[in-house]
Structure formats: structure tokens, C-alpha cells
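[1] Here is my input, please return the structure:
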Amino acid sequence: MTIANLPGAAEPVQLSDRAILGIVAAYAAVFVLFGLVVDGPATVMRGLIEIVSTRDALLTDYFGVGGKGAACVNAGLLTLLACIFYHRCAAKISGAAVACLFLVLGFGLFGKNILNIWFIVLGVFLYCRFKGETFATHINTAFFGTALAPIFSEIAFSTALPFPVALPLGAATATLIGFVLAPAAAQLFKAHQGYSLYNMGFTAGIIGVLIVALYKSFGFVPDPVMIWTTGYNRLLGGFLVAIFLSMAVLGYLLDRNVVARMLQIVRESGQAPADFVALTGFGPVLVNMSLTGAVGLAYVFLIGGDLNGPVIGAIFAIVGFAAYGKHPRNIWPIMLGVFLGSLVKPWSADDPSALLAALFGTTLAPIAGRFGWHWGVVVGFLHSSAARSVGTVHAGLNLYNNGFAAGIVAAVMAAVIISLQTRQPGQIPPGDK
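    Predicted structure coming up:
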């Protein structure tokens, strides 16, 4: 029996799709306003030009490329444009859509910009036309799939090719990627059974491996990128605290039964599909987004990490997926597992890769939610190593590198855990017969 069905319990407050989309757009607009205030329009404009014309392989922190103001404006504008797409095609604003839009907001700080995502979106649109389906059916796939947007930038702005050749080649490659994303994602979801929430990260990793292998065979080898800024913790920390507090207050104003419904959310395993918006309404989801974001931010401060484009992007991945599978109860074991890994492995917890693994690795939260916190710690520990190793095979051109690594971890470990937990007492293993 759910809370909504208990005697005397009020039904969840369900907002219209337009209202939810408006709230998401408002947070995107806050990023634009914040960027303009901290750096000014002239500086922001120069920074945006730098951002859209740079290579975007991991890790390219837009704070270091165009400045903190331009990075925030890029993220906000990109999300506002995505909101317009969702509105114009009358897409359902489900938990998955909220997760997708906040992921666009986060990755607008590193890797995705107002130029490089559109050919992938076009490819998904062409696939919909080919199949005779509405774009609204696959719009989440289109914007999740912009994980591979750096491939366009890598080719289009490569110094190894003349620009008249590089630009159409990058556009054609990105469009083709978009065209194959939907069927590939549907098939690869079966491998991890929804125990990794970033299914598109797993899919983009597989496709990225193929694309990079193809281009490497023709002598085009992407160079690694590492731009990581520091020194903004006080300014950006205050900004994030204000956002999370506003989410908590707004969530309470939308639904005064938010505490009871939050208890309902944290009882869920989070295994995809896990639409918390449909389950409890958007008010409790906003509170869950606030709390999970606060957990991510607290982790960064506790280990002495840096707040910059990639780290805030990772925090907003947690925030977005608090509408679709994550909550404080199922993310902390993963983060603890990654942290424990940093104690016994040759890197520290505040190392960029380890910090991002702890935050993005919460894609494995359904394993902790379904099988127990101890298994969450185990997969977090494994993920801390896997995330550092798989980036080379796609040359950093899949922005969801942790999603790719987590898909592999989930596909293996979910099968192992299920097998161990379903063995009957006294059963003789086949190899012992």
C-alpha cells in the first residue's frame, strides 16, 4: 500500500508538464543571470566564443576555457534551448526528462555547448522520421545522447584536417551517431537491467569506442585534454547552497506532505525505470533533488575537493537523477565505496578522477537500493578503478565516461549478486556434480 492510498492521505500534487518545464527553465535562467553578474556581458561573450570553438574531450573545464561567467551562461542557454524543444514537441516531462534537462545544465559547464550538440539531436530526429515516430518519443535519447558531442568538436576543430573538410565531416559523423543511438540504447539497457541509471553513458561508450577505432585506423588520433580549474569554492559553494535551499522551499510549498512522500521515495530501490515525479509529484522530487545535491556538495567539501565545471556537472547529475532513481539512502554507499578505494589505491580522494567517480558513480545507486548498502560499497570500490581505466578506449570523447564504466560494473555485478542471492540452501553447483 502506497502513502497515497493510506486512509486520510492526500493524493500527490501533480503539476502540469508546462509548470515543471517552467521550473527547470527558471533554474537555467538563474545560471545565465549568475554568469552575467559575476563576469559581465563583454567578458561572457568573449568566453562563449572560446567555448564553442575549442576541443571538448575529457576533461575540458569551461571555467578554464571561457571563464566562470561564460561557462554558466553556456549551461543556462543550452538548457533553455532544450526546454524550448521539449515544449514545442509536447514531450512528457517525466522524471527521465527532468534528469535529462539537469544533465544538460551540468554538462553545459564542461563538454556540451550551444554549437556542438545539435547534429546529434538532428540524427535522432531523422531516425524518428525514418521510423515514422514522433520526436517526443525519443527526445530524452536525443539530449542524453549529446554525451558524444565532443566528437563533433574534435573533428571540426582538429588541426590535422582543413576546416572545409573537418566541419562537414564532424557534422556527418555526429548526425550518424544520433541516428543509431535509440536502437542501440534500447538493446544495451538489457545488459545491466537498469542497475546503472546512466544507460546512455554505457551506450555512448560503446559507440564512442567504435567511432574512435574507425578514425584511429585512418591516422586521426585525438589528443588528451586536461583543463581543471581551482579557487572558486567559496563563490560557487554559496551559489549551489542557494539553489538547493530554493529547491527545498519550493518543494515544501508545492506539497505540504513532503516529508511523508520523501519517506516513500527513499524506500524505492531506484532501479530504472524509476520515475519519482509520477510516484510522488514534483514537490517531493524537488526536496529530494535538494537533499541529494547537498550530499554531493558536502562530499566535495569534506574531502577538500575543487568546485569547477566538471564537479558541478557531476553534482547536477545527482540532482537531476533525484527525479529518476537517486535519493540520499542509495547514493551514500557508492560514494563511500569510492572513498575507501582512494585509501588503499595510489590516488587520493580529491584527485579529479576519484572525485568525479564518487559523484558520477552514484549511477550505481540502484544496486545499493535493491541489494543493500554493503553491495553498494563493493560496486563503488570497483567503480573507482573501472572509471579510471575505460577512458582511453573512447579517447575521452564520451562525456559520460563514468556511465560507461558503471554500465560494465553493473552488468557483471548485478548478475553475480542475483545469482548469489537466489541459490537455494543445499543446492549443488553444476560444476560439482
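
[2] Which is the succeeding secondary structure element to the strand or helix carrying residue 262?
    Using DSSP states H and E, residue 262 maps to helix 258-266. Using DSSP H and E, the helix or strand that follows helix 258-266 towards the C-terminus is helix 276-280.

[3] and the helix or strand that comes right after that following helix with helix 258-266, angle?
    Downstream of helix 276-280, the first helix or strand assigned by DSSP H and E is helix 282-302. Angle of helix 282-302 versus helix 258-266, following axes from the mean of the first three to the mean of the last three C-alpha atoms, to 10 degrees, is 70 degrees.

[4] what's near enough to touch the nearest residue to residue 382 once chain neighbours are set aside?
    Spatially, and ignoring its direct neighbours in sequence, residue 382 is nearest to residue 409 (5.4 Å; C-beta to C-beta, 6 or more residues apart in numbering). The way it works is simple: take the backbone N, C-alpha and C, and place the C-beta from them, glycine included. Going by C-beta atoms under 8 Å, 6 or more residues apart in numbering, residue 409 touches 196, 364, 379, 382-383, 386.

[5] now residue 287
    By C-beta under 8 Å, 6+ apart, residue 287 lies in contact with 247-248, 251-252, 258, 262.

[6] now those in TSV, with neighbour count?
    Shown next, in TSV, are these (neighbours: other C-beta atoms under 10 Å):
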residue	neighbour count
247	23
248	18
251	23
252	17
258	23
262	21
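
[7] Just put those in TSV and tack on pLDDT and distance to residue 148.
    Shown next, in TSV, are the contacts of residue 287 (pLDDT from 0 to 100; distance: C-beta to C-beta, whole Å):
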residue	pLDDT	distance to residue 148
247	98	30
248	97	34
251	97	33
252	96	38
258	93	37
262	95	35
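
[8] contacting residues around residue 61?
    Counted by C-beta under 8 Å, 6+ apart, residue 61 has contacts 71, 109-110, 227-229, 308-310.

[9] roughly how far apart are it and residue 227?
    Applying C-beta to C-beta, to the nearest Å, the value for residue 61 to residue 227 is 5 Å.

[10] do residue 401 as well
    Counting by C-beta to C-beta, the gap from residue 401 to residue 227 is 15 Å.

[11] who's more crowded, these two?
    A count of neighbours by other C-beta atoms under 10 Å puts residue 401 above the other of residue 401 and residue 227, at 28 against 18.

[12] Spatially central residue in the protein, please.
    Note on the chain: the residue nearest the mean C-alpha position is residue 317, at 4.1 Å, using C-alpha atoms, centre = their mean.

[13] helix or strand for that one, which one?
    For residue 317, the element it lies in under DSSP H and E is helix 309-321.

[14] Going by neighbour count, list what's buried in that helix.
    Buried residues in helix 309-321, counted by 16 or more other C-beta atoms under 10 Å: 309-321.

[15] And for stretch 262-281?
    Residues of stretch 262-281 classed as buried under the neighbour-count rule (16+ other C-beta under 10 Å) are 262, 264-265, 268-272, 274-281.

[16] can you check stretch 297-313 too?
    For stretch 297-313, by 16+ other C-beta under 10 Å, it's 297, 299-300, 303, 305-313.

[17] Name the residues that touch it?
    Residues contacting stretch 297-313 (C-beta under 8 Å, 6+ apart): 59, 61-64, 71, 106-111, 228-233, 236-237, 240-241, 244, 315, 335, 339, 349-350, 352, 355-356, 358-359.

[18] Just the closest of the buried residues of helix 309-321 to residue 174, please.
    Nearest to residue 174 among the buried residues of helix 309-321, counting by C-beta to C-beta, is residue 313 at 20.3 Å.

[19] picking that back up, now the buried residues of stretch 297-313 in TSV, with distance to residue 116?
    Shown next, in TSV, are those (distance: C-beta to C-beta, whole Å):
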residue	distance to residue 116
297	28
299	30
300	27
303	31
305	27
306	25
307	24
308	20
309	15
310	17
311	21
312	19
313	15
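
[20] which of these sit farthest apart?
    The most widely separated members of the buried residues of stretch 297-313, counting by C-beta to C-beta, are 303 and 309 (18.2 Å).

[21] which other helices and strands contact the longest helix along the chain?
    In the chain, taking DSSP state H as the definition, the longest helix is helix 163-192. For helix 163-192, the packing partners by 3 or more C-beta pairs under 8 Å, 6 or more residues apart in numbering; DSSP states H and E come out as helix 118-131, helix 135-144, helix 149-156, helix 199-217, helix 401-422.

[22] And that helix, what's buried?
    Neighbour counts over helix 163-192 (16+ other C-beta under 10 Å) mark 166, 169-171, 173-182, 184-185, 188-189, 191-192 as buried.
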